[in-house]
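>>> got a predicted model here, sequence first, then my questions.
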Amino acid sequence: MKEIRAYIQPNKISAVTLALMEIPEFPGMTVLECEGFGRQHTQPIQDYRPFLPKIRLEIFAPEHLVEIIFSTIIREASSGQHGDGKVFILDALEGARISNGERSTDLG
């Protein structure tokens, strides 16, 4: 199982969500509002805060869905501009369902 973690522009969440929901067996996702900065910085102003709003997606998926989810996020979140965001694939070694305590390496 892998975790796909993406940071995207807030205005792209609808397009990304609709495209992901079209993937057969899509396991679902968590969406969080966050702020941060990378190489792109805001212009300094009197009340300077370098943080820009982003949406963080967390998706735990089985191996056979990782590439389609990854490429779908990149396709739908891209505007071709700097600051579109980033996508990461991380190993998820094990998880458990809280309701019944079932532990598995593939809870996607």
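The structure has been received and is ready for your questions. Everything numeric in this text was worked out from a predicted model, so none of it was measured. Numbers count the residues shown, from 1 in each chain.
>>> elements contacting the longest helix along the chain?
In the chain, with assignment by DSSP state H, the single longest helix is helix 63-77. Helix 63-77 sits against strand 2-8, helix 13-21, strand 52-61, strand 85-91, with contacts defined as 3 or more Cβ pairs under 8 Å, 6 or more residues apart in numbering; DSSP states H and E. From N, CA and C alone the C-beta is placed, and that goes for glycine too.
>>> would a markdown table of the ones you listed with mean neighbour count be doable?
Listed next are these as a markdown table, based on neighbours: other Cβ atoms under 10 Å:
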| stretch | mean neighbour count |
| --- | --- |
| strand 2-8 | 20 |
| helix 13-21 | 15 |
| strand 52-61 | 19 |
| strand 85-91 | 14 |
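>>> select, out of the ones you listed, the one closest to Cys34.
strand 52-61 (4.9 Å; Cβ to Cβ).
>>> and the nearest residue to Arg56 once chain neighbours are set aside, which of the three is it?
Spatial nearest neighbour of Arg56, excluding adjacent residues (Cβ to Cβ, 6 or more residues apart in numbering): Leu32 at 4.5 Å. Three-state assignment for Leu32 (DSSP: H, G, I helix; E, B strand; the rest coil): strand.
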